[in-house]
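Engineer: give me a model of this one.
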Amino acid sequence: MKLLARVSLAAASNLHSEKKWKGFPLLMIIIFVALFVGCAMSLLRIMLPTAATLNQGWMRSMIGENKVNLVSEPAEQEERYYSPAALGFGENETRSTESTLICDNSSYRTDVCIMKGDIRTHSASSTLFLVSGTPGSGPQEQEQKFKIKPCTRKWDNKTMASVKEVSLERLTDPAHAPQCQVTHSVPALVFSTGGYTGNLFHDFTDVIVPLFIASYHLKGQVVFIIVNHKRWWTAKFGDIIRQLSFYDILDFTEEITPETHCFPEAIIGLRFHEDLWVNPALTPYKHTITDFQKMLSRAFEEDGNKKRSTFQYPLLKSQAPKLVLIGRNRSRVFLNQKEIVELAEKVGFRVIVVSPNVNTQMKEMYRIINSCDVFMGIHGAALTHFLFLPPGGVFVQVVPLGIGWASRTFFRKPAMKMDSISYLEYQILPQESSLYDEYPKDHPYLRNPKSVNVKGWEATKKVYLDNQNVKLQLPRLERMFVKALHLIHSTSNVN
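Structural biologist: Modelled structure (predicted):
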């Protein structure tokens, strides 16, 4: 604008000079050009957002507040990949000061809190302190106190009663804070391995998948602090944990971790999307269940890019596709398992029967499932292994009487949303259930399972999970096997 003023003054001076009157047309052109450039610059300032505005919009887009598409992510945001916004908190929930303590209690599944600043652990009281004052300065900010149980089964009062509570407290007087003994330059992530861990389905849906959601974007630069720590659990899933954190686990008990550990940031609690599912719209960098499976591949294979399954290339006539059948020993047993295996072999499968238990090595199960073409089993926690299927695999769930809701929610829904595998379902008829021989044919257990379901999970579990076996009708099953075989061939031909 200063340039425009100078040009205008020069023009005025020339207008009053008879000697330079002949240059008037040229001066007028210069004036018009200067005015045009000045107006254009003013309009651009109004219409184009600043870099800060773009960054704010990009952060909001990660938590679904609006849609802003940038060609590349801002470099400064890439460095702050554990910011509150990246973890699902909006800008209006974050503080502009260096110290932050905010909590989100809106989900029925889980609570999540974020701390940023001078964070210090105190395992004896299960507390994380945020020190925001300076020595001798007295109270500068309002003190805050929160209590949180970092478990993803918030709605389950029975489970939550056994989960250890963690206290979060802002201290405005540093004199009252424990002194740092171990200082970290990366954030902490606090979660619980309490609840139903030990059941493979709950291991994955309640802890491992939410842990992936909360930490994968941190690229290993995070320290896990575990309450209700079960050493056998972290030993069993150690290969996965080491993919998500490059640091030693801290057991949040005074006996195991008496030292005061200090962190620049902390995330307390895990986000939950759906059972066995990662919603890319709710993750910081649009991560998906496919990214989760790739992480499993790196965890369990020496070469994460190794192709193991026969359907990843055209099937050879001499190479029969492999079917892995999950065998059970107590309830929901295949009463005619021998005939099922023989039928599968007749159709053209090589069959492997496995019966995993709590002591089964995850790496071994991954090797078996990731090298098969069809994975089949009756509804139960072991079906969680379908996550190990390689691209093009077929997952067959046998659904007993009375388990419709659970089978749909826990396995069918996530499996059918996966583009990499096919899902087939064998729903048994009343006469295929062992209950058919135990109760009159018009009994509600057989005729109206929903009348049991409405009584609650415990009633459903007692009748249909704990006291039911199945005997599949071979003609029906053969049609299922043939369909699975066609899916395998169609996938292999595409690849």
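Engineer: quick one, strands of the stretch 201-350 of the chain?
Structural biologist: Along the stretch 201-350 of the chain, the segments classed as strands by DSSP state E, counting those that start in this stretch run 223-227, 250-251, 261-268, 322-326, 350-354.
Engineer: could you look up the SS state of T360?
Structural biologist: Here T360 is coil, with the state taken from DSSP: H, G, I helix; E, B strand; the rest coil.
Engineer: and it, how far is that from V398?
Structural biologist: Applying CB to CB, to the nearest Å, the value for T360 to V398 is 21 Å. In short, each C-beta sits where N, CA and C put it, glycine included.
Engineer: comparing those two, which shows the higher neighbour count?
Structural biologist: Between T360 and V398, counting by other CB atoms under 10 Å, V398 is the more crowded of the two (27 against 16).
Engineer: and the host helix or strand of that one, which residues are buried?
Structural biologist: Using DSSP states H and E, V398 falls within strand 394-399. Buried residues in strand 394-399, counting neighbours by 16 or more other CB atoms under 10 Å, are found at V394, F395, V396, Q397, V398, V399.
Engineer: ok, stretch 107-122 next?
Structural biologist: The neighbour-count check on stretch 107-122 (16+ other CB under 10 Å) flags 109-122 as buried.
Engineer: of these, which belong to strands?
Structural biologist: V112, C113, I114, M115, K116, G117, D118, I119, R120, T121, H122 (DSSP state E).
Engineer: and the last one, what does it touch?
Structural biologist: So that's H122. By CB atoms under 8 Å, 6 or more residues apart in numbering, the contact set of H122 is L128, F129, P178, T260.
Engineer: wait, S422 touches Q397, no?
Structural biologist: No: counting by CB atoms under 8 Å, S422 stays clear of Q397, with 11.9 Å between them.
Engineer: if we can go back for a sec, of all the buried residues of strand 394-399, which comes closest to M418?
Structural biologist: Here the nearest of the buried residues of strand 394-399 to M418, counting by CB to CB, is F395; it sits at 8.8 Å.
Engineer: tell me the contacts of the closest one?
Structural biologist: Per CB under 8 Å, 6+ apart, neighbours of F395: V374, F375, M376, L383, F386, L389, F411, A415, I421, S422, Y423, L424.
Engineer: quote the end-to-end distance of stretch 101-111.
Structural biologist: One end of stretch 101-111 sits 13 Å from the other (CA to CA, to the nearest Å).
Engineer: mean confidence score for that stretch?
Structural biologist: The average of the pLDDT scores along stretch 101-111 is 95.
Engineer: chain center to it: distance?
Structural biologist: Stretch 101-111 sits 16 Å away from the centroid of its parent chain (CA atoms, centre = their mean, to the nearest Å).
Engineer: same check, this time on stretch 474-488
Structural biologist: 33 Å.
Engineer: quick check: buried residues in it?
Structural biologist: Buried residues in stretch 474-488 (16+ other CB under 10 Å): L477, M480, F481, A484, L485, L487, I488.
Engineer: and the strand or helix carrying the fourth one, what other elements does it pack with?
Structural biologist: Secondary structure here is read from DSSP H and E; on that basis A484 sits in helix 474-494. Other elements packing on helix 474-494 under the criterion 3 or more CB pairs under 8 Å, 6 or more residues apart in numbering; DSSP states H and E are helix 337-347, strand 394-399, strand 422-427.
Engineer: for those, which one sits closest to D173?
Structural biologist: Closest approach to D173 among these is made by strand 394-399 (57.4 Å; CB to CB).
Engineer: and the angle for that closest one with strand 322-326?
Structural biologist: 30 degrees (axes from the mean of the first three to the mean of the last three CA atoms, to 10 degrees).
Engineer: and the next helix or strand after strand 394-399, how far from the chain's centre?
Structural biologist: Beyond strand 394-399 in the direction of the C-terminus, DSSP H and E gives the next helix or strand as helix 404-407. Centroid separation for helix 404-407 versus its chain: 22 Å, with CA atoms, centre = their mean.
Engineer: quick check: buried residues in helix 404-407?
Structural biologist: Result for helix 404-407 [16+ other CB under 10 Å]: buried residues G404, A406, S407.
Engineer: beyond it, next helix or strand please.
Structural biologist: helix 413-417.
Engineer: need the winner for burial among the helices and strands packed on helix 474-494.
Structural biologist: Mean neighbour count (mean count of other CB atoms under 10 Å) peaks for strand 394-399 among those, with a mean of 24.
Engineer: partner strands of that strand, with direction?
Structural biologist: Using DSSP bridges, the strands paired with strand 394-399 are strand 374-378 (parallel), strand 422-427 (parallel).
Engineer: for the first one, what is the average pLDDT?
Structural biologist: The reference is to strand 374-378. In this model, strand 374-378 carries a mean pLDDT of 98.
Engineer: what's the closest of the buried residues of stretch 107-122 to N336?
Structural biologist: Among the buried residues of stretch 107-122, R109 lies closest to N336 (CB to CB), at 39.4 Å.
Engineer: contacts only, for that closest one.
Structural biologist: T152, R153, K154, W155, F272.
Engineer: quick one, helices of the stretch 51-200 of the chain?
Structural biologist: 51-62, 75-79, 157-160, 200-202 (DSSP state H, counting those that start in this stretch).
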